[in-house]
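S.K.: Just to be clear, the model below is a prediction. Sequence and coordinates:
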Amino acid sequence: MLDWTDRHFRFFARLISRHVWLYSEMVTTGALIHGDRARFLPFDATEHPVALQLGGSDPADLARCARLGADWGYDEINLNVGCPSDRVQNGRFGACLMAEPGLVADCVAAMKDAVSVPVSVKTRIGIDDRDSYDELADFSGKVRAAGCDLLILHARKAWLQGLSPRENREVPPLRYDVAVRLHSDFPDLPLVLNGGITTLEQARHWCEQLDGVMIGREAYQNPWLLALADRELFADPHPLPSRHQVLEQFYPYVERCLAEGVPLNSISRHLLGLFNSCPGARRWRRVLSEQAHRAGAGVEVLRQAAAQVVEPEEHAAAAAAG
């Protein structure tokens, strides 16, 4: 979720869900070693549990960055071996590393030696024509032996040439059967399923067979799914807040960020899907799109946009009263 699951979205997501595990956007080792750490590493204490996802292929660099993440307070360090974009391949990290399972194992071992928090790997089921089950099993066995605590498996292979990142999320067929087989063959390596999961019914089904699910795009585009997950997957007895209540809790954070010089649209872009399926959702999105980028835009823009929306429960009550 490069450029998407930044600290603003994660803070917002944690207001919606008490329980889901949050992952950072992928941060390259070069960005942390040579760049602005204060841009990539900070997070709010309320985000826990939260994982730092790294991109890289040098064991020493990954160990150094894993240590930075652990010292900063992250609860897990994740190595991305699944991103298929050209710019990632050019840096020799992401999905292309599936062709070098020994190197990935060395990276995991170096990270494990550097930190006491769990180290996980996010990967695909294969790349290009190297998509046999035996190759995936060899890869999984090597990272397990290196100390990997958790494997997050996007149940599609990736085509490194010829498909865009978006096409790589949609065109290669999902192979959930591969995940089930891998979990059976490596019962001591916890496996979380990723890819194509868009409903809580699907999530519940796979949580019963595997060790968890990761939901990316759907949770970003329809974040209220996370609130429902608390109730339906984690059996949290707390009453669900309304979307408007979540926004009221979010406003002080927005004001703090604005005072630090963060433009409103850097934050509001993460909120566009909050009112999906609610009466007035289109007006909510339009106000944010038209107003949030303007110089000096503040919380009043969010309040103006929110005033356009009636949540389903409120809508039903208004209709009954009328």
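M.R.: That came through fine.
S.K.: Quick check: chain neighbours aside, which residue is closest to D61?
M.R.: For D61, ignoring the flanking residues on the chain, the nearest one in space by CB to CB, 6 or more residues apart in numbering is T29 at 4.1 Å. (Glycine included, C-beta is placed from N, CA and C.)
S.K.: so how far is L62 from that neighbour?
M.R.: 6 Å (CB to CB, to the nearest Å).
S.K.: Overlap in contacts, those two.
M.R.: The contact sets of T29 and L62 overlap at 54, 56 (CB atoms under 8 Å, 6 or more residues apart in numbering).
S.K.: correct me, but the residue nearest to D61 touches P59?
M.R.: No - T29 is beyond contact range of P59, at 10.2 Å (criterion: CB atoms under 8 Å).
S.K.: ok, now which ones touch the spatially closest residue to W72 that is not a sequence neighbour?
M.R.: Of all residues not flanking W72 in the chain, L41 sits nearest, at 4.8 Å (CB to CB, 6+ apart). Contacts for L41 (CB under 8 Å, 6+ apart) come out as 27, 32, 52, 68-69, 72.
S.K.: so where's the protein uncertain?
M.R.: Counting by pLDDT under 70, the chain has low-confidence residues at 1, 86-91, 313-322.
S.K.: can I see the domain layout of it?
M.R.: 7-225, 243-309 (automatic domain parsing).
S.K.: measure the first one end to end?
M.R.: What that stands for is domain 7-225. Using CA to CA, to the nearest Å, the end-to-end distance of domain 7-225 comes to 19 Å.
S.K.: Next up, the contacts around A295.
M.R.: A295 neighbours (CB under 8 Å, 6+ apart): none.
S.K.: Thought V119 was touching D149, still the case?
M.R.: Yes - using CB under 8 Å, D149 is in contact with V119, at 5.7 Å.
S.K.: and for these two, which residues touch both?
M.R.: With CB under 8 Å, 6+ apart as the test, D149 and V119 both reach E76.
S.K.: Would you mind giving the secondary structure of the closest residue in space to V287 that isn't next to it in sequence?
M.R.: Leaving aside its sequence neighbours, V287 sits nearest to A305 (CB to CB, 6+ apart; 3.7 Å). Applying DSSP: H, G, I helix; E, B strand; the rest coil to A305 yields a three-state assignment of helix.
S.K.: Tell me the spacing between A305 and L210.
M.R.: 39 Å.
S.K.: and if you look at D129?
M.R.: Distance from D129 to L210, by CB to CB: 27 Å.
S.K.: Look at these two and report which has more neighbours.
M.R.: L210 (18 against 8; other CB atoms under 10 Å).
S.K.: Run a quick check on the more buried one versus I197, I expect a contact.
M.R.: No - contact between L210 and I197 fails when scored by CB under 8 Å: they sit 11.1 Å apart.
S.K.: before we move on, back to that, who's more crowded, D149 and V119?
M.R.: V119 (29 against 17).
S.K.: Now do the contacts for the closest residue in space to the more buried one that isn't next to it in sequence.
M.R.: Counting by CB to CB, 6+ apart, the nearest residue to V119 once its immediate chain neighbours are dropped is M111, at 4.8 Å. Applying CB under 8 Å, 6+ apart, one finds that M111 lies in contact with 59, 62-63, 66, 77, 79, 119.
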